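Colleague: Mind folding the following:
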Amino acid sequence: MEATINKFYTAFQQKDYKTMASMYHPEATFRDAAFDLKSGKEAGAMWKMLVTAGKDLRIEFRDVKADGNTGSAHWEAWYTFSKTGRKVHNIIEAQFEFKDGLIYRHKDHFDFWRWSRQSLGLIGLLLGWSDFLKNKVRASAMKGLQAFMKKTENNS
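Modeller: Numbers count the residues shown, from 1 in each chain. Coordinates of the predicted model:
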């Protein structure tokens, strides 16, 4: 499964969201501080949205490990947060479970307060530790993904 993780992040570096999406099981779930997705289709759409919006997105990954049907990786992203124009360097630890050779469970963990200080500035500094801001970011991210999916379904 190390090869699967390496292929996934290499595709991410190349902004190849189609390959990334193809690596998710149809019943896959993805979870991080902003998204709680319930299907491989939603996960694929999220990566497409993030990759196409991230004009200056740069990804690095390392420490890929896999044992049986689980795996992990460390990855970092540098990009401009589109809603504020602020530069972000996010540091993420990823955990994977695999089924039928595909990503079945994907969970990314990062320091939300650190991310919110970079992406949102003073609001993130003051409220980035709070459930209020986390829930607001989550709701906004999901609303944006739903709108993106609706728009891209109608244009494909």
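
Colleague: list the buried ones in stretch 73-88?
Modeller: Neighbour-count burial for stretch 73-88 flags Ala73, Trp75, Ala77, Tyr79, Thr80, Phe81, Val88 (criterion: 16 or more other CB atoms under 10 Å). Every C-beta, even on glycine, is put in place using the N, C-alpha and C of the backbone.

Colleague: My error: substitute stretch 133-141 in the last question.
Modeller: Buried residues in stretch 133-141, counted by 16+ other CB under 10 Å: Leu133, Lys134, Val137, Arg138, Ala141.

Colleague: ditto for stretch 11-31
Modeller: For stretch 11-31, burial by neighbour count (16+ other CB under 10 Å) applies to 11-12, 15-17, 20-21, 23-25, 28-31.

Colleague: Keeping just the C-alphas, turn that stretch into CSV.
Modeller: Provided in CSV are the C-alpha atoms of stretch 11-31 (Å, rounded to 0.1, in the frame of the first residue of the first chain):
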residue,chain,number,x,y,z
ALA,A,11,-0.6,12.9,-8.4
PHE,A,12,-1.3,15.6,-5.9
GLN,A,13,2.0,17.3,-6.6
GLN,A,14,1.2,17.2,-10.3
LYS,A,15,-2.4,18.5,-9.6
ASP,A,16,-3.7,15.3,-11.2
TYR,A,17,-7.1,15.3,-9.4
LYS,A,18,-8.4,12.6,-11.7
THR,A,19,-5.8,10.1,-10.6
MET,A,20,-6.3,11.1,-7.0
ALA,A,21,-10.1,10.6,-7.3
SER,A,22,-9.6,7.2,-8.9
MET,A,23,-7.7,5.9,-5.9
TYR,A,24,-10.7,6.2,-3.5
HIS,A,25,-13.1,3.3,-2.9
PRO,A,26,-16.7,4.3,-3.8
GLU,A,27,-17.6,3.9,-0.1
ALA,A,28,-14.6,5.8,1.1
THR,A,29,-14.7,8.5,3.8
PHE,A,30,-12.4,11.5,4.2
ARG,A,31,-12.1,13.6,7.4
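
Colleague: What are the boundaries of the strands in the protein?
Modeller: Remark: strands assigned in the chain by DSSP state E are 24-31, 36-37, 58-67, 70-81, 86-99, 102-109.
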